[in-house]
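With the input below, show me the fold.
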Amino acid sequence: MIILKTNNYKDNRESAGGDPTSTAKIILFFIKAYQKTLSPDHGAAGYFTAHQKCRYYPSCSEYCRQSIEKYGVAKGLYSGAKRIARCHPWHEGGYDPVK
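Presented below is the predicted three-dimensional model:
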């Protein structure tokens, strides 16, 4: 008698492109909380800031949120950090969707 053991690694890894894991849900919650409160583009803090809004579309927080939903936590946070690193006065910005 042969017994085949199958491993379901879905529970042990971050889902990429599927349903978000609990870690992803927590991070996405904090991103949404930031967007609704402190973000000059999305939240209430935008009414109190006089400086220019985000130079990219979508904004860096929205880009990070979309990236986490598409690729999972590790790759999503990495691509979000790369996007934030590109955000400086000498970069023209513009439309930069999640690839």
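
Now do the contacts for the most centrally placed residue in the chain.
In the chain, the residue lying closest to the centroid (CA atoms, centre = their mean) is C64, at 2.1 Å. C64 is in contact with I31, G76, L77, S79, G80, R83, I84, counting by CB atoms under 8 Å, 6 or more residues apart in numbering. In short, each C-beta sits where N, CA and C put it, glycine included.

mind listing what's buried in stretch 67-75?
Neighbour counts using 16 or more other CB atoms under 10 Å place S67, I68, E69, Y71, G72, V73 of stretch 67-75 among the buried residues.

Where is the longest helix in this protein?
Using DSSP state H to define each element, the chain has its longest helix at helix 22-37.

one step back: kindly confirm my reading that the residue nearest to the centre of the chain is in a helix.
Yes: with DSSP: H, G, I helix; E, B strand; the rest coil as the criterion, C64 is part of a helix.

pLDDT wise, what is it at?
C64 is assigned a predicted lDDT (pLDDT) of 93.

From T23, how far off is it?
The spacing between C64 and T23, counted by CB to CB, to the nearest Å, is 14 Å.

How about the contacts made by the residue nearest to A24 when sequence neighbours are not counted?
Closest residue to A24 apart from its sequence neighbours, by CB to CB, 6 or more residues apart in numbering: V73 at 5.0 Å. Residues in contact with V73 (CB under 8 Å, 6+ apart) are E14, T21, T23, A24, I27.

Keep only those of the buried residues of stretch 67-75 that are in strands.
Within the buried residues of stretch 67-75, no residue falls in strands by DSSP state E.

Show only the entries of those residues found in helices.
Using DSSP H, the buried residues of stretch 67-75 in helices are S67, I68, E69, Y71, V73.

show me the contacts for the closest residue to H91 other than its chain neighbours.
Among residues not flanking H91 along the chain, R55 sits closest, at 7.1 Å (CB to CB, 6+ apart). If you count contacts by CB under 8 Å, 6+ apart, R55 has them with C87, H91, E92, G93, G94.
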